[in-house]
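Peer 1: Just the structure for this:
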Amino acid sequence: MEPNTENIIDARPTKEFFIYMLTKDIKLVRSIIDLVDNSWDGALRIEKDVQLTDLWIRLEVNETHFKISDNCGGMSYDLAKNYAFRFGRPKEMPLTHHSVGQFGVGMKRSLFKLGQKFKIESNARDVTFVIEEDVNSWVERQNWEFQFQSVKHFQEPRTWPNCGTTIVVTELRESVQAEFGSEVFITQLKEGIQAAHQRSIERGIAISLNGVPLVAPIAKLLQSAELKAARHELKFDEDTDSPVTVILYAGVDDSDPHAAGWSVFCNGRLVLDADVSSVTGWGEGNGRIITRFHNQFARFRGYAFFDCDNAAKLPWNTTKTGVDSDSPAYQSVRLRMIEMMRPVIDFLNRIDAEKDVEPDERYLTSALDNARHHKLETLTAATKFLFPVPPTKKQSKGPRMRRIQYDRLESEIDLVKEALGVSTLKDVGEGTFDYFYDLECK
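Peer 2: Numbers count the residues shown, from 1 in each chain. Got it, this is the predicted structure:
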């Protein structure tokens, strides 16, 4: 029976609206990082056949064009025809284990964000193809498909070094041209890629921007015999084919308010960098359980690594710029993050309090000064952050003693030191007290 077309309401999106909404809420740097993500996923697909140290991803960015090329294996014909250019990830799409591409929108969103024309050349072991498209012309067509400009299949698989993908975008949008002509933007892009793919670079893949190799910031914590970072491991969905593993680290590093906080990774991809918001537990319990962040805690570092073969089970948002706080797994992990923060916060509070005592009494500060940097993987960490307990001073028998503390201008204190003929702040305090006591109280 034919459907009654009079009762059918057209709810199809227009392509213009779709492109606008798809690109509206993602920044340019992040959209370019999405293309790096795709290359990295290609590297993961062929990792069993080659060393990651033999792979590279190269970006060219200027006011005339954008280009990203790699030798990370290229796309298979089936992947390109049935999945890679769909708007969204079909449930039957083959799984790339441990991938960082999840939602099936990154590449298309990036291409639309960058310019009006794009060309994709892919060389896989058994097929090479070219896709070339003018976005304005595509918008005018009724269908949503793209087309191969050329396809060539090979009977004998080619050797790996000839396999990879190149994407070139031209007729850049005006706003993109302006950004690409800015040295400030190029620096932001470099730092963004280095941060997002620091774990990938550490594993050996070479990423460059305009011919300059990118260097990964190394995640590290301070440790000594007296000072030990905390490490904890959790697992979720262990009875499934794709369990989620979470490894947490909490400790201290050099004082830097911009680097302090929690960094969260999903399958090695940074999604939350140096976060000091309530998302990672700061200000918990209206500041009673964990205080709100201030510069006294500039040494705090926390790292959370979520890993799963099935990227859809990880708690990240669609732009990979944050976490899904409603995820039950993330909520459980957040509670553990708060527990691991508490001893570090206590330690930093005590370090701050030692500013008011004599240098030879700064026991915790001395322990911190003696600590050395260690990469996370080399830490001999404990389940809880450990720091030394300062020795308790024995109370002498006799009248009860109390400590007096106050602040005065350094220049005035120096004059008092000279007048009393002493050299330490302790002697200044005791000398001035004795002077007043002898004159006014005896």
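Peer 1: quick one, helices of the stretch 201-350 of the chain?
Peer 2: 328-353 (DSSP state H, counting those that start in this stretch).
Peer 1: I'd like to know how many residues surround residue 284.
Peer 2: 19 (other CB atoms under 10 Å). In short, each C-beta sits where N, CA and C put it, glycine included.
Peer 1: Report the contact partners of the nearest residue to it once chain neighbours are set aside.
Peer 2: Using CB to CB, 6 or more residues apart in numbering and skipping the chain neighbours, the partner closest in space to residue 284 is residue 290 (4.3 Å). For residue 290, the contacting residues are 281-284, 338, 341-342, 345, by CB atoms under 8 Å, 6 or more residues apart in numbering.
Peer 1: For the residues you listed, work out which two are farthest apart.
Peer 2: Farthest pair in the contacts of residue 290 (CB to CB) is 283 and 342. Separation: 13.5 Å.
Peer 1: Give me the residue at the spatial middle of the protein.
Peer 2: Geometric centre of the chain, nearest residue: residue 270, 3.0 Å, by CA atoms, centre = their mean.
Peer 1: Is that one bridged to anything, and to what?
Peer 2: residue 265 (DSSP bridges).
Peer 1: ok, now which ones touch it?
Peer 2: 195-199, 263-264.
Peer 1: ok, 7 Å please
Peer 2: Taking CB atoms under 7 Å, 6 or more residues apart in numbering, we find residue 270 in contact with 195-196, 198, 263.
Peer 1: Would you tell me which one of those comes nearest to residue 9?
Peer 2: residue 196 (42.0 Å).
Peer 1: How much space separates the residue nearest to residue 284 from residue 278?
Peer 2: 9 Å (CB to CB, to the nearest Å).
Peer 1: now residue 171
Peer 2: 43 Å.
Peer 1: quick one, which of those two is more surrounded?
Peer 2: residue 171 (16 against 13).
Peer 1: Spatially, what comes nearest to the more buried one if we skip its sequence neighbours?
Peer 2: residue 116 is the one closest to residue 171 (CB to CB, 6+ apart), at 4.0 Å.
Peer 1: re the thing from before, put the buried members of the contacts of residue 290 into a ChimeraX selection.
Peer 2: A single ChimeraX command selects the buried members of these (16 or more other CB atoms under 10 Å):
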select :281,282,284,338,341,342,345
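Peer 1: Make TSV from the contacts of residue 290 and add pLDDT and distance to residue 129 to it.
Peer 2: As requested, the contacts of residue 290 are exported to TSV (pLDDT from 0 to 100; distance: CB to CB, whole Å):
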residue	pLDDT	distance to residue 129
281	95	48
282	96	49
283	94	52
284	92	52
338	96	50
341	96	51
342	96	55
345	96	55
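Peer 1: Turn the contacts of residue 290 into TSV, including distance to residue 374.
Peer 2: Formatted as TSV, the contacts of residue 290 follow (distance: CB to CB, whole Å):
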residue	distance to residue 374
281	24
282	25
283	29
284	28
338	24
341	20
342	22
345	21
